[in-house]
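J.: One predicted model, sequence on top.
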Amino acid sequence: MASILCRISKTLVNHRLPPFTKGLIRPMVTVSWPFQSQPRDLSLPNPSWSKEMLQHYELYNSQCVGEDGKEGSGPWRRLPSYNRLLKFATGGVLLSKIIQSEARLFTRNIKIPGAGFEYVMFIKKSQEKCVCIFQAGHLLEGPPGHVHGGATAAMIDSVNGTHATYVCGPVMTANLNINYRNPIPLGSTVVLESTLDQREGRKAFFSCIVTSIDGSKVHVESKALFLSISMSRILGG
Ligand SMILES: CCCCCCCCCC(=O)SCCNC(=O)CCNC(=O)[C@H](O)C(C)(C)COP(=O)(O)OP(=O)(O)OC[C@H]1O[C@@H](n2cnc3c(N)ncnc32)[C@H](O)[C@@H]1OP(=O)(O)O
């Protein structure tokens, strides 16, 4: 048996693969536990954050500390960034053809600080609310000087999706209905507030409101339905 395995591995090593497969195929020994710790928490302040973004971050962050002065005993909890957890997900027919180590959560894929989606989320421990402070960078332009509606939709889906995952475990968005009320100026900081409206078996209904940082203007209102699914369904495609 050992000699057969040795021969197979030598064959694999010696086999010449086309150049386009470089980086796509990894030796089986590196495929171990599919979960990896996050390399960097992208929801922490960086120099691109506006004064308003920092002030709002501090406002919620201070409420993560309880009256006893202990971090984590307050009514809110800061969620570290989710960038990508599954190193070797098998779902999706084309996944075997892309560089899996380069795959990341859509809203965390622009690496230049301040250019794309800058955001941080806080969840209320009682779980009915999740808040996101979002600063829209110059690469998210839609109408001149304003944020692309698809970028806003992606943020809403991410905030509702994170909230739903926190409350229900693995979920998928089944339906997302968005009303755009006022355009979001590019470069501005807005607040997304996700609310758990109702749970009904596998279904969880959420709403989201996007407002200006001072709450004076409603930019977007939306409703979403998430369905609980098994992890094996996500991994298996
Ligand atoms: C920490 C992690 C942070 C992550 C943040 C990022 C979050 C990003 C979230 C996403 O963007 S997920 C990607 C976008 N969504 C998809 O690609 C989902 C594609 N659709 C599916 O895979 C399936 O349709 C789905 C899993 C949603 C549902 O299929 P199921 O086979 O599990 O459910 P089924 O079709 O049997 O329906 C179950 C119930 O839901 C209802 N339902 C399903 N789809 C619906 C729909 N679209 N609208 C209204 N109701 C719906 C359906 O009528 C039924 O109701 P009843 O039980 O009362 O009969």
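T.: Looks like it came in fine.
J.: The helix or strand harbouring Ser158 packs against which elements?
T.: Counting by DSSP states H and E, the element that carries Ser158 is helix 149-168. When contacts are defined as 3 or more Cβ pairs under 8 Å, 6 or more residues apart in numbering; DSSP states H and E, helix 149-168 packs onto strand 117-124, strand 129-136, strand 171-180, strand 189-200, strand 203-212, strand 218-228. (Each C-beta comes from the backbone N, C-alpha and C, glycine too.)
J.: Redo those as a markdown table? Include mean neighbour count and distance to Arg40.
T.: Shown next, in a markdown table, are the helices and strands packed on helix 149-168 (neighbours: other Cβ atoms under 10 Å; distance: least, Cβ to Cβ, whole Å):
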| stretch | mean neighbour count | distance to Arg40 |
| --- | --- | --- |
| strand 117-124 | 22 | 14 |
| strand 129-136 | 24 | 18 |
| strand 171-180 | 14 | 25 |
| strand 189-200 | 18 | 22 |
| strand 203-212 | 20 | 26 |
| strand 218-228 | 19 | 27 |
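J.: Select, out of those strands, the one closest to the ligand.
T.: Nearest to the ligand, of all those, is strand 171-180, at 3.7 Å by Cβ to the nearest ligand atom.
J.: The closest one pairs with which strands?
T.: Take DSSP bridges as the rule and strand 171-180 pairs in its sheet with strand 218-228 (antiparallel).
J.: residues from this structure in reach of the ligand?
T.: 82, 157-158, 161-162, 165, 172-175, 203, 225, 227, 229 (Cβ under 6 Å from any ligand atom).
J.: at 5 Å what do you get?
T.: 82, 157-158, 161-162, 165, 172-175, 227 (Cβ under 5 Å from any ligand atom).
J.: Quick check: the two most widely separated of the residues you listed?
T.: The most widely separated members of the residues of the chain next to the ligand, counting by Cβ to Cβ, are Tyr82 and Asn175 (21.9 Å).
J.: Using the three-state scheme, assign Ile234.
T.: Put simply, Ile234 is helix when judged by DSSP: H, G, I helix; E, B strand; the rest coil.
J.: lowest confidence element among the helices and strands of the protein?
T.: helix 2-14 (a mean of 36; mean pLDDT, DSSP states H and E).
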